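Participant: give me coordinates for this.
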Amino acid sequence: MIRTEAAQLTSIKGLAYKQKLAAGGAGITIITPDNKAVFTINKRDGSCVPYGQADGEVFTAAAVKEALALTSGLPYKRLGNIAKVYADNRCDELPAGQDEPDEKDAADVIASAEYNAFIAQYTDKTGKFSYQLMNKDLIQFAARSSVVKTMLAENTGADNAVKYIVKSKAADLAKNKGMSDSMLSAFIDTFDSMNTRSAFKELKSHLRGKLSNTKPRQKQ
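Facilitator: Modelled structure (predicted):
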């Protein structure tokens, strides 16, 4: 599975971590010495609802709220499956690398130099990934790029410009040649799933604003 580092809960004896769900999107797993439950994260309002069975007496609203707060903003990380949590919040883990087949793309992204370069570049002093830092830097990159200016002038669309910016910046930070189209899509999806909204919302809004102010070129 693809998870963040486990966060220790205080409202109950247990740990929480974020994971990619087989059905798509992000979820939070809460595990106690005797129980385990998975919750989906609603991208519209950031709320959590049970993904399968969840004992409400064990996984209280306070525990779910705390788990959501503690895992919010943490980047995905490859860990082994947590096999057992003890009363003092110690845990046993199975070896890493036992990813499910439908999570292969996300696993490839998280193991990539580009992903880890983004995490290193845009993690703030608290240890959380900063979407504000990332979007600010990507907007500055867009302002300096002649390619982006041409894309906006030719009205190729904000989404295409976002893909070019993210791919170029990732290649620059990781000192790599660049990602394939499928890897780029998985890369963007992975960052989107870490957040309750589009990870690149500010960048897209900036580009759309530029597009709305760009007059169509006159045909000769």
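
Participant: which element is encountered next along the chain beyond the lowest-mean-pLDDT helix or strand in the chain?
Facilitator: Sorted by mean pLDDT, DSSP states H and E, the helices and strands of the chain end with strand 2-3, the least confident at a mean of 42. Per DSSP states H and E, the first helix or strand lying C-terminal to strand 2-3 is strand 7-8.

Participant: now the helix ranked longest in the chain: buried residues?
Facilitator: Ranked by residue count and defined by DSSP state H, the top helix of the chain is helix 158-174. Neighbour counts over helix 158-174 (16 or more other C-beta atoms under 10 Å) mark 158, 161-171, 173-174 as buried. Where C-beta positions appear, they are placed from N, C-alpha and C, glycine not excepted.

Participant: do stretch 198-211 as well
Facilitator: 198, 199, 200, 202, 203, 204, 206, 207, 210, 211.

Participant: pretty sure the third one contacts residue 138?
Facilitator: Yes. Shown here, residue 200 and residue 138 form a contact pair, counting by C-beta atoms under 8 Å, at 7.2 Å.

Participant: and stretch 53-70, average pLDDT?
Facilitator: With pLDDT averaged residue by residue, stretch 53-70 scores 91.

Participant: would you mind writing the CA trace of that stretch as CSV?
Facilitator: What follows is stretch 53-70, C-alpha atoms only, in CSV (Å, rounded to 0.1, in the frame of the first residue of the first chain):
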residue,chain,number,x,y,z
GLN,A,53,-17.2,-1.5,8.4
ALA,A,54,-16.2,0.8,11.3
ASP,A,55,-17.2,0.4,14.9
GLY,A,56,-18.4,3.8,16.0
GLU,A,57,-17.7,3.1,19.7
VAL,A,58,-14.0,2.5,18.9
PHE,A,59,-13.6,4.9,15.9
THR,A,60,-15.3,7.9,17.5
ALA,A,61,-16.0,11.2,15.6
ALA,A,62,-13.2,12.8,17.7
ALA,A,63,-10.7,10.1,16.7
VAL,A,64,-11.6,10.4,13.0
LYS,A,65,-11.4,14.2,13.2
GLU,A,66,-7.9,14.0,14.8
ALA,A,67,-6.7,11.4,12.3
LEU,A,68,-7.8,13.7,9.4
ALA,A,69,-6.0,16.7,11.0
LEU,A,70,-2.8,14.8,11.7
